[in-house]
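Participant: sharing a model that was predicted from the sequence below.
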Amino acid sequence: MESDEAQFTYSIMSTFYRIAFSCWLLLSAASLSAELRLPDVFTDHMVLQRDQPVPVWGKASAGATITVRFAKQTVQAVANQEGHWKLMLNPMEASAEPATLSVSGDGSLELEDVLVGEVWLCTGQSNMQWRLLESAGGAEAIAAADFPEIRLFNVSRSVAFGREEGQLASWELISPETVPEFSGIGYFFGTDLYRRLGIPIGLINASYGGSQAEAWTPRSYLAADTALLPTIEREAVWAAERPRVQAEFDRAMVEWESARTAAAESGVPAPRRPRVPDALRDYRIAGSIYRNMIEPLIPFAIRGALWYQGESNEERAEQYEGLLTTMIRSWREKWEQGDYPFAIVQLPNFRAVAEAPEDEAWSHLRDRQRRVAETVPNTGLIVTIDLGEADDIHPPNKADVGLRLSRWALADVYGQEIVAGGPRFQRAEFTDGEAVLYFDRVGEGLTTSDGAAPAEFAVAGSDGTWDWAEAEIVAKDKIIVRSAAIDRPVAVRYAFNRNPARPNLTNDSGVPASPFRTDDFTGPTHGLR
C-alpha cells in the first residue's frame, strides 16, 4: 500500500513539474515572440519629415527580420534580444501624394495615406494647449479649416510613471471636425507655413497646462546639475506632506461642495473652488511629462520645436535660464538629430500697467528666455510683449503668436529673405551721461509702431535706482538714452515692467523688440531653486 501511495505521489508530482515546465517554456517563448508593433506616433495619415533621415522603429519577436517599404525604398533591420528594432529611411523630398508604409517580417502592418513634408512639435503649458475653439477668431478658422495636407497629432496628457504602452493619439486631417480641440497657436502657425511653403505639414501637440519646465526635463539631467537638483529634492518634502495635504484638501472640497450647494439655493455666486496644492499635482514631478509625453515620440523625425512655457516657473525666474538650457540640450541629445530649431515664445504683457519702473519676477523670467535664445545655438525668441491681456494669463490672440512663429521659421529655418522678428539688442556704451545702444536685425532700420519717440526706457545709476528716460533713434541701428534725473547712468532697461504701457520699438517687420536689460543686478528670485 505504501508503495502504491508513493507511486501515486510521484506520479502527481511528476505531472505537476511537467506542467510547470511546460508553462515556463510557453512563457519563455512568449517573451521571445511578440506581436509586430510600431510606436503610437506611427498611424495612418501621418506626415514624415522631408530632406533628412527618417527613423522607423518598433517591437517584434527577438531575432525577427523586419522589412519596411515606403516611397520606393526597402530597408531591413533585425530585432534584438528584447525584440526592439530600428532602421532609417533615406531622406525624401516633400510629397502630397498619399503613400503606404508597410512593415513586415513578424506579421505585417500597413499605414495608409502617409505624406512627406515638414513636421513640428508644439509644446509647453496652457497657452500652447489653448484650443483653437477658445482663441480669438477661432470660430471663423474652424469653419474654414479645409487643409487635408495638414495633419494633426494630439498627444494625450499623461504624467504617471511606468506608463503602459498604448495609443497616445492618431494622426488626423485638418477639418472643422478635428481642429477645434487642437492648439490655437499650432493651427495658426501650421496653416501659415502651409500657405507659404505649399507642402504637407505635420503638427504634433504635446502640451500640459500648469506644468513647470522641470517636468519636461529628464530626471537624469536635473540630477546631474547642482543648480537644478533642488527641483528633484523638493519632491521628498511633498511626499512627506502628501497625506496631511490630501486630508486638508479633501476637507476643503467637502466644505466647498456644501457652500456651493447653499449658494445655488440662495441664488448667490458660488465660492471659488479650492486650489489643488502642489504636493498633489503629479504633473509637477520632475521628469514626469517628459517620460510620458515626449520620450514616446523620440526619435520621430521633426524639423523643430515650438515652446510656450514659463508662467509656472515665475517664482524661480533666475533658475529658469539654466533649466530651459538643460531641457533643450536633453531633448536634442535624446533625439540624436543635432541642434534642431527651437523657438521660445516669450511671456507677454500681463497685470496692471505700472507708473514707475518695476523689478518683478515675471519680467526677469522674460529676460531669462531672451538670454537662452541668445546663447543656445539655433534657437529663436518670439516676442509677444504687445499681445497679452492685463487681466488674463491666457490672452485669446493666438493667431499673431502663430504668425510670428511662422515668420521666424520662414526666415531662420527655411532661409526666406524676410526679417525674422523685431530688433535685437546687442550692446551698450555709457559715456558723457548717456547710454548708446546698438541693435541688429533692424531690417530697413529702427522705428516705432506709433511714429513717436521710443518709449519704455529706464536708466539706473550705481545705486540701482531706476528712473524713466528719453530715447532717440540716431542711426539705423542705434539709440541714445538719457535722463535728467540720473547724470551718470550705468544700466538701461527697456519695456521691463510686467505690462509696459507703450513698448513701441520695432523695425519694418512690425514685430516689437524684446524687453531687455544691460545690468546684472540681483533680481527678486535670486537664490530661489
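Facilitator: Okay, I see it. Numbering: from 1, shown residues only.
Participant: show the model's pLDDT score for Arg275.
Facilitator: Listed pLDDT for Arg275 reads 84.
Participant: wait, I meant Val245
Facilitator: As predicted, Val245 sits at a pLDDT of 76.
Participant: what's the distance between it and Gln212?
Facilitator: Applying CB to CB, to the nearest Å, the value for Val245 to Gln212 is 18 Å. Placement of C-beta: from N, CA and C, glycine included.
Participant: neighbour-wise, which of those two wins?
Facilitator: Taking neighbours as other CB atoms under 10 Å, Val245 and Gln212 compare with Gln212 leading, 27 against 16.
Participant: and the strands in the stretch 351-500 of the chain, which stretches?
Facilitator: Assigned by DSSP state E, counting those that start in this stretch, the strands in the stretch 351-500 of the chain fall at 379-382, 424-431, 434-440, 447-448, 457-460, 466-468, 470-475, 478-482, 491-494.
Participant: centre of the chain versus the lengthiest helix in the chain, how much separation?
Facilitator: Counting residues, the longest helix in the chain under DSSP state H turns out to be helix 230-266. Relative to its parent chain, helix 230-266 has a centroid offset of 29 Å by CA atoms, centre = their mean, to the nearest Å.
Participant: what secondary structure does Pro148 sit in?
Facilitator: Three-state assignment for Pro148 (DSSP: H, G, I helix; E, B strand; the rest coil): strand.
Participant: who's in contact with the closest residue to it other than its chain neighbours?
Facilitator: Using CB to CB, 6 or more residues apart in numbering and skipping the chain neighbours, the partner closest in space to Pro148 is Leu173 (4.9 Å). By CB atoms under 8 Å, 6 or more residues apart in numbering, the contact set of Leu173 is His45, Phe147, Pro148, Ile150, Arg151, Leu152.
Participant: beta partners of the fourth one?
Facilitator: Partner residues in beta bridges with Ile150: Ile201, with DSSP bridges as the criterion.
Participant: so when I look at the residue nearest to Pro148, I'm seeing a strand, right?
Facilitator: Yes. The assignment for Leu173 is a strand, going by three-state DSSP.
Participant: ok, now how distant is it from Ile150?
Facilitator: The value you get for Leu173 to Ile150, if CB to CB is used, is 8 Å.
Participant: how's the chain carved up into domains?
Facilitator: As assigned by automatic domain parsing, the chain contains the domains 118-218+287-418, 219-286, 424-517.
Participant: and the end-to-end length of the second one?
Facilitator: From the first residue to the last, domain 219-286 extends over 6 Å; the measure is CA to CA, to the nearest Å.
Participant: could you do stretch 174-184 as well?
Facilitator: 13 Å.
Participant: what's in contact with it?
Facilitator: 122, 128-135, 138, 141-143, 145-148, 150-152, 154, 172, 187, 190-191, 203, 205, 207, 398-399, 402.
Participant: among the residues you listed, name the buried ones.
Facilitator: For these, a burial check counting by 16 or more other CB atoms under 10 Å picks out 122, 128-130, 132, 135, 138, 141-142, 145, 147, 150-152, 154, 172, 187, 190-191, 203, 205, 207, 398-399, 402.
Participant: mind checking which of the residues you listed are in strands?
Facilitator: Cys122, Phe147, Ile150, Arg151, Leu152, Asn154, Glu172, Leu203, Asn205, Ser207 (DSSP state E).
Participant: right, and the first one touches Leu193 too?
Facilitator: Yep, that's Cys122 we're talking about. No. The pair Cys122 / Leu193 is not scored as a contact, 11.8 Å apart, by CB atoms under 8 Å.
Participant: where exactly do the helices run in the chain?
Facilitator: 2-32, 126-129, 138-143, 184-197, 219-223, 230-266, 288-289, 317-335, 361-375, 399-408.
Participant: so which of those comes closest to Asp278?
Facilitator: helix 230-266 (6.8 Å; CB to CB).
Participant: so the closest one versus helix 317-335, what angle?
Facilitator: 110 degrees (axes from the mean of the first three to the mean of the last three CA atoms, to 10 degrees).
Participant: now do the buried residues in helix 230-266.
Facilitator: Buried, per 16+ other CB under 10 Å, within helix 230-266: Pro230, Thr231, Arg234, Glu235, Trp238, Val245, Phe249.
Participant: other SSEs contacting that helix?
Facilitator: Packing partners of helix 230-266 (3 or more CB pairs under 8 Å, 6 or more residues apart in numbering; DSSP states H and E): helix 219-223.
Participant: counting by contacts, list what the helix it packs on packs against.
Facilitator: Under the contact definition 3+ CB pairs under 8 Å, 6+ apart, helix 219-223 sits against helix 230-266, helix 317-335.
Participant: just the residues contacting that helix, thanks.
Facilitator: Residues contacting helix 219-223 (CB under 8 Å, 6+ apart): Glu214, Leu228, Leu229, Thr231, Ile232, Ala286, Gly287, Thr326, Met327, Arg329, Ser330.
Participant: which one of those residues is nearest Ile344?
Facilitator: Among those, and counting by CB to CB, the member closest to Ile344 is Met327, at 10.8 Å.
Participant: any low-confidence regions in the stretch 101-250 of the chain?
Facilitator: 160-168 (pLDDT under 70).
Participant: for the spatially most central residue of the chain, list each beta-bridge partner.
Facilitator: Most central in the chain under CA atoms, centre = their mean is Thr123, positioned 2.6 Å from the mean C-alpha point. Beta-bridge pairing for Thr123 (DSSP bridges): Ala206, Trp307.
Participant: and it, how far is that from Glu314?
Facilitator: 19 Å.
Participant: look up the closest residue to Leu121, ignoring the ones flanking it.
Facilitator: Ala305 (4.3 Å).
Participant: which residues touch that neighbour?
Facilitator: Trp120, Leu121, Cys122, Thr123, Trp331, Tyr340, Pro341, Phe342, Ala343.
Participant: and the pLDDT at it?
Facilitator: In this model, Ala305 carries a pLDDT of 99.
Participant: now the one 3 residues further on
Facilitator: Among the per-residue scores, Tyr308 shows a pLDDT of 99.
Participant: could you dump the strands of the stretch 351-500 of the chain to CSV with mean neighbour count?
Facilitator: Below are these laid out as CSV (neighbours: other CB atoms under 10 Å):
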stretch, mean neighbour count
strand 379-382, 24
strand 424-431, 15
strand 434-440, 19
strand 447-448, 18
strand 457-460, 25
strand 466-468, 18
strand 470-475, 16
strand 478-482, 20
strand 491-494, 24
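Participant: how far away is the nearest residue to Pro277 once chain neighbours are set aside from Met253?
Facilitator: In space, not counting the residues next to it along the chain, Pro277 is nearest to Val245; the distance is 5.0 Å by CB to CB, 6+ apart. Using CB to CB, one obtains 12 Å as the distance from Val245 to Met253.
Participant: do Tyr414 as well
Facilitator: 51 Å.
Participant: do the same with Trp85
Facilitator: According to CB to CB, Trp85 stands 48 Å off from Met253.
Participant: and for Val155?
Facilitator: For Val155, the distance to Met253 - CB to CB - is 29 Å.
Participant: please name the nearest non-neighbouring residue to Leu347.
Facilitator: Arg366 (4.8 Å).
Participant: ok, the one you found - contacts?
Facilitator: Listed by CB under 8 Å, 6+ apart, the contact set of Arg366 reads Gly310, Gln346, Leu347, Ile385, Ser514, Pro515.
Participant: just those now: which is nearest Ser104?
Facilitator: Using CB to CB, Gly310 comes nearest to Ser104 of these, at 45.7 Å.
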